[in-house]
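Enquirer: Prediction below, plus the sequence it came from.
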Amino acid sequence: MAYFSSSRCEIACIFLFVFPSLFLLPISESLDFEITSFVSHEKIIAYSGDAVPSSGAIELNRVDIVRVGHAKYADGVQIWDRKSGKLSDFTTHFTFVIDTLNRSTYGDAFAFFLAPVGFQIPPNSVGQYIGLFNSTNYNSPQNQMIVVEFDTVANTWIDPPYGHVGININSLGSANFTAWNASFHSGESADAWVSYNATTQMLSLSLRYGAENASPNDNTVLSYKVDLSEVLPEWVTIGFSGTTGLFMEKHTLRYWKFSSSLKTAQKRDEDINRLKLASLIGPLCVLVVGGMVVYAIFWRRQRKPTQESEDRVSLTSINDDLDREIGPKRFPLRDLALATNNFSDEQKLGEGGFGCVYKGYLSCEGIMVAVKKISQSSKQGKKEYMTEVKIISSLRHRNLVQLIGWYHDETQFLLVYEFMPNCSLASHLFYKKSVLNWDVRYTIATGLASALLYLHEECEQCVVHRDIKASNIMLDSGFNAKLGDFGLARLMDNELGLKTTGLAGTLGYMAPEYATTGKASKESDVYSFGVVALEIACGKKATDKVDPDSDLGLVEWVWGLLGKTELLSGVDQLLNKEFDAKEVERLMMVGLWCSHPDRNLRPSIHEVIQVLKFQGALPNLPLKMPVPIYYAPPDGSEVSFSSATMTNSSMDMVR
């Protein structure tokens, strides 16, 4: 009790001195950051699409056709002040490389942009739309965007008939531009400065290649007069886009510095009023805080700990944690209700044991979203909500579903995700939404492996997912895999491992040792990956009978094909034999390797990726499936199979 009283009194004293002084601070918004090396565990940059940190730089897009990636400063930037109407000065300096790969045809664009907070990659925005527009909005008066583009392809329907550097105002077309040929400087580092003078309202671009200690005054390429308050919202997101269309090139960001300053002058009478207010509030604070301390001590003595109070503390802790995060944001409930037409059945994407998922359009952000609403009667759902927001809010990877925001109070629990237009992998494999060709399937498998590598090896703390299955693998507009649903995930100490937490997950995807001990691990996640890999190759669901005339599960059935040297006969017949036999063999062998009953004989996810990329040898597996090993539950205790956490993929079709 003494500790409680002492700490509260210290806080109260600090509050009494600091709070009144807040009224005397000048109003000023400024931002300064400099990034010389980009690393995955730092949260200052938000990645989407293909963008990923690599060797201290950011690779914005895969070297392939029809790709796009964004890298953005993860917090909002105030660019003008609504109350005073004043504009911010800003300067950004970045070093980038465009590599045309020694090709005669290449494309499409690298760009720096300012857009509304929450802006995401638009659907169908690759190539000529520079990853920022599409065919429906490329010249829309509703746009709020400023772009400095380095366009390597002449799309003459809107561009000049040559490659160019341009300043774009709310449009794909450039308001001012100059000719530029990317192939002349392919693979070279370029330094660019984009600056805005609030007094003259002049936006300027300077560009320099290969000069040490270069300055923005060395070569002013473009300038354009624009009132930012008429074009952009008060707060914006800033970042970079890299995209390819029908041709390929590589876009790399190596360095980024940004500084801005927005100051609002205060009138003398306002200062006097603030001083008067502070003189009144000071004594009032003494009374209020003193009363709060006395009440808090009394309340602490009288209260009894209850589950309800513990939940309230947990929610408060989540609020505090997420408010400090620079990724997901808290949305007002009214915005989410408006986005989903008040959570109408027409907007419902699916329903599970813990609640429903709704499709919505967030007009305040201008994006499509998926909103998961936890059932008020589901205690387990609330626990999963708290787990999910704590874990996924700190994760950033191109193959993970991005958590955009959240809302909760004592009765409502809502999660807001990026919308996945191509639904789940399960909807295509098992419910015939479409037939995925082999190239897409293999890319999905390698993408899922990449997500697991990030969770297991590259995160600051290892994350065990515990529920990897086809219905939790979402597909974006380019059919890239995005692992979602982290409600059952757990953080794991790399040295001590994961403590027994009880069984959770989906039958058919559980490793045998996890099913018997309730102790999840990286190896049990790898097992689940192996099952999904076999589903991708065979088009058969692990939880169904593979053959009506037998009781064999998918893993046993494929292992039987291996023993008869008929592995390729198990490939999904809907592919009509249109597949790469070597890739099929690798994926199915990896699937069996990962699904080995003995956890000690399974590969790491790093080894899996090496084999799938043809950088490692195929495993030497027995022709007959080994007998599963029984793992005794810890301390001789029985394992409880909870109906709340054991599922049979009730949302497979719609997720």
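Expert: Perfect, thanks for sending it.
Enquirer: for the residue nearest in space to the middle of the chain, what are its contacts?
Expert: For the chain, the residue nearest the mean C-alpha position is Q402 (3.0 Å; C-alpha atoms, centre = their mean). Counting by C-beta atoms under 8 Å, 6 or more residues apart in numbering, Q402 touches S48, Y417, E418, K482. The C-beta positions use only the backbone N, C-alpha and C, and glycine is treated the same way.
Enquirer: Phi, psi for the second one please.
Expert: The one in question is Y417. Here is the backbone geometry of Y417 (degrees, to the nearest 10): phi -110, psi 160.
Enquirer: repeat for the first one
Expert: Geometry field for S48 lists phi and psi as phi -150, psi 160, criterion degrees, to the nearest 10.
Enquirer: How about the third one?
Expert: Phi and psi for E418, reported as degrees, to the nearest 10, are phi -60, psi 140.
Enquirer: give me the beta-bridge partners of it?
Expert: Beta bridges link E418 to V369, judged by DSSP bridges.
Enquirer: Tell me, how many residues neighbour it?
Expert: E418 has 19 neighbours, counted by other C-beta atoms under 10 Å.
Enquirer: In this structure it contacts A370, no?
Expert: Yes. Contact status for E418 versus A370: in contact at 7.4 Å, counting by C-beta atoms under 8 Å.
Enquirer: report the longest strand in this structure, please.
Expert: The strand that spans the most residues within the chain, counting by DSSP state E, is strand 250-263.
Enquirer: buried ones in stretch 72-84?
Expert: K72, Y73, A74, D75, G76, V77, Q78, I79, W80, D81 (16 or more other C-beta atoms under 10 Å).
Enquirer: Helix, strand or coil: sort out the fourth one for me.
Expert: Look at D75: counting by DSSP: H, G, I helix; E, B strand; the rest coil, its state is coil.
Enquirer: distance of it from W557?
Expert: Between D75 and W557 the distance is 51 Å, computed by C-beta to C-beta, to the nearest Å.
Enquirer: nearest residue to E523 other than its sequence neighbours?
Expert: Excluding the flanking residues, the one nearest E523 by C-beta to C-beta, 6 or more residues apart in numbering is R599, at 4.1 Å.
Enquirer: all strands of the stretch 151-300 of the chain, in order?
Expert: Using DSSP state E, counting those that start in this stretch, the strands of the stretch 151-300 of the chain run over 164-169, 176-179, 189-197, 202-209, 220-225, 235-244, 250-263.
Enquirer: Tell me the helices and strands packed up against the last one.
Expert: I take that to be strand 250-263. When contacts are defined as 3 or more C-beta pairs under 8 Å, 6 or more residues apart in numbering; DSSP states H and E, strand 250-263 sits against strand 28-35, strand 57-59, strand 67-73, strand 77-78, strand 89-99, strand 235-244.
Enquirer: And the pLDDT for the closest residue to G239 other than its chain neighbours?
Expert: In this structure, G239 finds its nearest non-sequential neighbour in K72, 3.0 Å apart by C-beta to C-beta, 6+ apart. Looking at K72, its pLDDT reads 96.
Enquirer: again, but for F486
Expert: F486 carries a pLDDT value of 79.
Enquirer: tell me, how many neighbours does it end up with?
Expert: By the criterion of other C-beta under 10 Å, F486 has 26 neighbours.
Enquirer: from what I can see it touches M386, true?
Expert: No. With contacts counted by C-beta under 8 Å, F486 stays clear of M386, the gap being 11.3 Å.
Enquirer: chain center to stretch 143-154, what's the gap?
Expert: Centroid separation between stretch 143-154 and its chain, computed with C-alpha atoms, centre = their mean, to the nearest Å, is 24 Å.
Enquirer: where does the stretch 401-550 of the chain dip in pLDDT?
Expert: 493-504 (pLDDT under 70).
Enquirer: run the last query once more with 50
Expert: Filtered on pLDDT under 50, the stretch 401-550 of the chain yields the residue ranges 495-496, 498-501.
Enquirer: ditto for the stretch 201-350 of the chain
Expert: For the stretch 201-350 of the chain, the stretches with pLDDT under 50 are 218, 265-272, 275, 303-313, 323, 325-326.
Enquirer: The same query, at a cut-off of 70, please.
Expert: Ranges of the stretch 201-350 of the chain meeting pLDDT under 70: 211-220, 263-327.
Enquirer: How many residues are close by the nearest residue to D335 once chain neighbours are set aside?
Expert: Of all residues not flanking D335 in the chain, C364 sits nearest, at 5.6 Å (C-beta to C-beta, 6+ apart). The number of residues packed near C364 is 14, by other C-beta under 10 Å.
Enquirer: per-domain residue ranges of the chain.
Expert: What the record gives for the chain is the domain set 2-24+268-302, 28-263, 319-418, 425-647, from automatic domain parsing.
Enquirer: From W157, how far out is A470?
Expert: Distance, A470 to W157, using C-beta to C-beta: 41 Å.
Enquirer: Repeat that for Y358.
Expert: In this view, Y358 and W157 are 38 Å apart by C-beta to C-beta.
Enquirer: who's more crowded, those two?
Expert: Using other C-beta under 10 Å, the more surrounded residue of Y358 and W157 is Y358, with 25 against 8.
Enquirer: Kindly indicate whether the more buried one is helix, strand or coil.
Expert: Three-state assignment for Y358 (three-state DSSP): strand.
Enquirer: can I have the helix or strand containing V526 written out in PDB, keeping just the CAs?
Expert: Element membership of V526 [criterion: DSSP states H and E] is helix 522-538. Extracted C-alpha coordinates of helix 522-538, given in PDB (Å, rounded to 0.1, in the frame of the first residue of the first chain):
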ATOM      1  CA  LYS A 522       7.800 -23.600 -34.400                       C
ATOM      2  CA  GLU A 523       7.800 -27.300 -35.400                       C
ATOM      3  CA  SER A 524       4.100 -27.500 -35.000                       C
ATOM      4  CA  ASP A 525       3.600 -24.500 -37.200                       C
ATOM      5  CA  VAL A 526       5.900 -26.200 -39.800                       C
ATOM      6  CA  TYR A 527       3.700 -29.300 -39.600                       C
ATOM      7  CA  SER A 528       0.600 -27.100 -40.400                       C
ATOM      8  CA  PHE A 529       2.500 -25.600 -43.300                       C
ATOM      9  CA  GLY A 530       3.300 -29.000 -44.700                       C
ATOM     10  CA  VAL A 531      -0.400 -30.000 -44.600                       C
ATOM     11  CA  VAL A 532      -1.300 -26.800 -46.500                       C
ATOM     12  CA  ALA A 533       1.500 -27.400 -49.000                       C
ATOM     13  CA  LEU A 534      -0.100 -30.800 -49.800                       C
ATOM     14  CA  GLU A 535      -3.600 -29.200 -50.100                       C
ATOM     15  CA  ILE A 536      -2.200 -26.700 -52.600                       C
ATOM     16  CA  ALA A 537      -0.700 -29.500 -54.700                       C
ATOM     17  CA  CYS A 538      -3.500 -32.000 -54.500                       C
END
